[in-house]
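Novice: missing the sequence, but the structure's below:
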């Protein structure tokens, strides 16, 4: 259902398998991080039947509607939360002009190769059963009395047997730091290796600290992490990674 009038739940009850999630699009484009977090806190059964997008034939091109960094943050969000993921023709190339629906031609535009590489990595990362069959959880983000910037961070995680992913997005134009609290009960049993699928950065984290205090994250405006998690093999890797993560 191409639903644009807050009728998604009603249409789902009438039998539609999926409905456009225009509300998420609007909040990513015009809302604040808290509005996105509240939206993602809806009933999981409802969310699983939403179509996530940041561009379609009725909306402005994402490359025109969002700044470059904001588009990456929005695209990562739409591609890694529950539901169906919709990508529009020309989105990966960074097309700026949205032709009229009834126009049979469009202007030539040079492809944005850097943006294309980002989307290629994103699609490769989410092409995994984890994002279709795994369990999804919205994560709590906390900060400190003298630094409330954690409010700009939105985080969630996926788990499918031994496969685990953490996604953290700074949905603001200011730097943000905070602690991400994960729902996994076995964190303290080992150290962890966090590989960022979009940057190739690798971090080591202490499982006890992650369990008791949360995963520390510091992100510049509109930056993000898509961490694939595995148990670390050496404590030295953890110490070096913690320093890198604190600087990042």
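Specialist: Happy to help now that I have it. A quick note: this is a predicted structure, and the numbers were derived from the prediction, not measured. Numbers count the residues shown, from 1 in each chain.

Novice: Now do the helices in this structure.
Specialist: Using DSSP state H, the helices of the chain run over residues 8-13, 22-30, 33-40, 44-47, 62-65, 68-80, 113-126, 130-133, 207-212, 235-247.

Novice: Buried residues in the fourth one, which are they?
Specialist: Buried positions in helix 44-47, judged by neighbour count with 16 or more other Cβ atoms under 10 Å: residue 47. In short, each C-beta sits where N, CA and C put it, glycine included.

Novice: State the pLDDT value of the residue of the chain positioned farthest from its centre.
Specialist: For the chain, the C-alpha farthest from the mean C-alpha position belongs to residue 104; by Cα atoms, centre = their mean, that distance is 34.0 Å. You'll see residue 104 listed with a pLDDT of 74.

Novice: got it, and the one 3 residues further on?
Specialist: In the predicted model, residue 107 carries a pLDDT score of 87.

Novice: The residue lying closest to it once chain neighbours are set aside: neighbour count?
Specialist: Leaving aside its chain neighbours, residue 107 sits nearest to residue 97 (5.5 Å; criterion: Cβ to Cβ, 6 or more residues apart in numbering). Using other Cβ atoms under 10 Å, residue 97 is surrounded by 13 other residues.

Novice: What backbone torsions are found at residue 97?
Specialist: The phi and psi values for residue 97, taken as degrees, to the nearest 10, are phi -90, psi 130.

Novice: need the contact list for it.
Specialist: Shown in contact with residue 97 (Cβ atoms under 8 Å, 6 or more residues apart in numbering): 61, 64, 106-107, 109.

Novice: So which bits of stretch 221-236 are buried?
Specialist: 221-229, 232.

Novice: Domain map for this protein?
Specialist: 7-127, 133-231 (the TED database).

Novice: can you put these in a markdown table and add distance to residue 1?
Specialist: Formatted as a markdown table, the domains of the chain follow (distance: least, Cβ to Cβ, whole Å):
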| stretch | distance to residue 1 |
| --- | --- |
| domain 7-127 | 4 |
| domain 133-231 | 22 |
